[in-house]
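Undergrad: sequence first, then the predicted structure, then my questions.
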Amino acid sequence: MYAQMVKSTGDTVKSLEEMEPDERAFQERIDADIKIEPKDWMPEGYRKTLIRQISQHAHSEIVGQLPEGNWITRAPTLERKAILIAKVQDEAGHGLYLYCAAETLGVSRDEMNAQLLAGKAKYSSIFNYPTLTWADIGAIGWLVDGAAIMNQVPLQRCSFGPYSRAMIRICKEESFHQRQGYDIMMKLVAGTPEQKAMAQDALNRWWWPSLMMFGPSDATSVHSAQSMAWKIKQNTNDELRQRFVDQTVPQAEYLGLQVPDPDLQWNEERGSYDFGEVDWEEFFRVLKGNGPCNKERLAARQKAWDDGAWFRDGLMAHAEKHRARKVAAE
Ligand code: BYC
């Protein structure tokens, strides 16, 4: 895809002719599907966009541990507890690969963390909702990980090498996560009427926030046009949201659950589902820090940072001692 063919919804995307020679050579590499590596020349905007997206993605993985971690002590069986611990641990691993990928762009993990705690860097809106019942753990795996996979599979082909490679492993693990969530939902819908009602209630609460994960509509997405020209993103927010709906509605039907959208209907002509309008006011309210759990999530991250101070200090003191010994021996 050539840069000049991308329609811009926000910032204008320069055509090849408008670019300086360095920038043009860079764009031609992107257009030829050649990966960009950390030491290659890149436009400052490309570097900044990647730092923003990858760090926000990393923060999402880390903050995303909190709603699920809430159920580790209350998982209904030892097996479910072991599975949930493993899943939450995987999310920590994803955060770490992603912080490492962002660090190759010249930002430190401490800086990224400071931006999160100062409210300057975002994390996915979805993690500002509470996990009220065990069925929410099923719904998160099924819907939230399902939406994450839909968004992340194309990111495996991202033009920036370290991000694209991190996504390959992350996507493999997310597939297990999605299946464990669906498995919880299958058990619940085959259980007592109360258990089935719990599954339906979780779907009711998580459906719309899951659709919001894909970001604002294409008409209001600020970064999509440039990010697609740079092949950081391969698809628009609305395209991926539609794919998610098309994939997930039959899964809900198989479970015998009702998707909470009166406007949902199969469109024979388009070969996909029509669905209702996302409540964008709610989405932007959550992004501004006013969702049900924003304050709690940031307070938990601040506490983790404060509680870890002694450990970071110990590591630094240890490294300094080694350095001093090495210097003395030379
Ligand atoms: N939540 O111009 P747009 C997981 C922001 S975690 C919050 O469309 P872009 C998991 C956006 O950042 C999955 N903010 O932006 C973990 C921008 O604000 P800034 C996390 C959102 O970047 C544990 C503004 O809105 N996945 O898998 O082109 C357990 C305008 O948006 C959201 C990723 O992070 C949102 N939902 O597209 C289970 C994937 N949406 O930065 C599961 C990587 C938009 O200008 N990220 N914003 O202040 C992406 O693919 C893209 O960044 C997005 C947004 C599609 C999210």
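TA: Received it, and whenever you're ready, just let me know what you need. Numbering: from 1, shown residues only.
Undergrad: list the contacts for the closest residue to residue 132 other than its chain neighbours?
TA: For residue 132, ignoring the flanking residues on the chain, the nearest one in space by Cβ to Cβ, 6 or more residues apart in numbering is residue 205 at 7.6 Å. In short, each C-beta sits where N, CA and C put it, glycine included. If you count contacts by Cβ atoms under 8 Å, 6 or more residues apart in numbering, residue 205 has them with 129, 132, 136, 139.
Undergrad: any idea of the mean pLDDT for whichever strand or helix holds residue 205?
TA: Using DSSP states H and E, residue 205 falls within helix 193-212. Average pLDDT, helix 193-212: 98.
Undergrad: ok, then the element right after it?
TA: Following helix 193-212 in sequence, per DSSP H and E, is helix 224-229.
Undergrad: got a list of contacts for the helix or strand just after that following helix?
TA: Per DSSP H and E, the first helix or strand lying C-terminal to helix 224-229 is helix 237-255. For helix 237-255, contacts defined as Cβ under 8 Å, 6+ apart pick out 142-143, 146-147, 150-151, 154, 182, 185-186, 189, 199, 203, 210-211, 214-218, 221, 224, 258-259, 264, 272-273, 275.
Undergrad: how near is the closest residue to the ligand within the stretch 1-150 of the chain to residue 174?
TA: Relative to the ligand, the nearest point of the stretch 1-150 of the chain is residue 64 (2.5 Å; Cβ to the nearest ligand atom). As defined by Cβ to Cβ, to the nearest Å, residue 64 lies at a distance of 11 Å from residue 174.
Undergrad: again with residue 70
TA: As judged by Cβ to Cβ, residue 70 and residue 174 stand 20 Å apart.
Undergrad: what about the two, which has more around it?
TA: Ranked by neighbour count (other Cβ atoms under 10 Å), residue 70 and residue 174 place residue 174 first, with 25 against 15.
Undergrad: pretty sure that one sits in a helix.
TA: Yes - checked against DSSP: H, G, I helix; E, B strand; the rest coil, residue 174 lies within a helix.
Undergrad: contacting residues for it?
TA: 145, 148-149, 152.
Undergrad: now do it against residue 234, distance only.
TA: 17 Å.
Undergrad: and if you look at residue 118?
TA: For residue 118, the distance to residue 234 - Cβ to Cβ - is 31 Å.
Undergrad: neighbour count for those two, which is higher?
TA: A count of neighbours by other Cβ under 10 Å puts residue 234 above the other of residue 118 and residue 234, at 17 against 9.
Undergrad: ok, the more buried one - contacts?
TA: 154-155, 157-158, 228.
Undergrad: out of those, who has the most neighbours?
TA: Busiest of those [other Cβ under 10 Å] is residue 158, holding 26 neighbours.
Undergrad: that one contacts residue 231, correct?
TA: Yes - shown here, residue 158 and residue 231 form a contact pair, counting by Cβ atoms under 8 Å, at 6.7 Å.
Undergrad: what's the burial count for residue 324?
TA: Using other Cβ under 10 Å, residue 324 has 10 neighbouring residues.
Undergrad: gap between residue 120 and residue 101?
TA: From residue 120 to residue 101 the distance is 19 Å (Cβ to Cβ).
Undergrad: and what of residue 232?
TA: As judged by Cβ to Cβ, residue 232 and residue 101 stand 12 Å apart.
Undergrad: quick check: neighbours shared by these two?
TA: 160, 163.
Undergrad: write out the residues of the stretch 1-150 of the chain neighbouring the ligand.
TA: Proximity of the stretch 1-150 of the chain to the ligand, by Cβ under 6 Å from any ligand atom, involves residues 52-53, 56-57, 60-61, 64, 91, 122, 124-125, 144-145, 148.
Undergrad: for stretch 217-226, buried residues please.
TA: 217, 221, 223-226 (16 or more other Cβ atoms under 10 Å).
Undergrad: identify the farthest-apart pair in those.
TA: Farthest apart among the buried residues of stretch 217-226 by Cβ to Cβ are 217 and 226. That separation is 17.0 Å.
Undergrad: which residues in the chain form helices?
TA: Using DSSP state H, the helices of the chain run over 21-31, 44-63, 65-69, 78-103, 109-117, 134-139, 145-155, 161-189, 193-212, 224-229, 237-255, 280-285, 294-307, 309-329.
Undergrad: JSON lines for those, including distance to residue 13?
TA: Putting the helices of the chain into JSON lines (distance: least, Cβ to Cβ, whole Å) gives the following:
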{"stretch": "helix 21-31", "distance to residue 13": "10"}
{"stretch": "helix 44-63", "distance to residue 13": "11"}
{"stretch": "helix 65-69", "distance to residue 13": "36"}
{"stretch": "helix 78-103", "distance to residue 13": "23"}
{"stretch": "helix 109-117", "distance to residue 13": "26"}
{"stretch": "helix 134-139", "distance to residue 13": "37"}
{"stretch": "helix 145-155", "distance to residue 13": "19"}
{"stretch": "helix 161-189", "distance to residue 13": "20"}
{"stretch": "helix 193-212", "distance to residue 13": "25"}
{"stretch": "helix 224-229", "distance to residue 13": "5"}
{"stretch": "helix 237-255", "distance to residue 13": "16"}
{"stretch": "helix 280-285", "distance to residue 13": "24"}
{"stretch": "helix 294-307", "distance to residue 13": "32"}
{"stretch": "helix 309-329", "distance to residue 13": "41"}
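Undergrad: sounds good, over and out.
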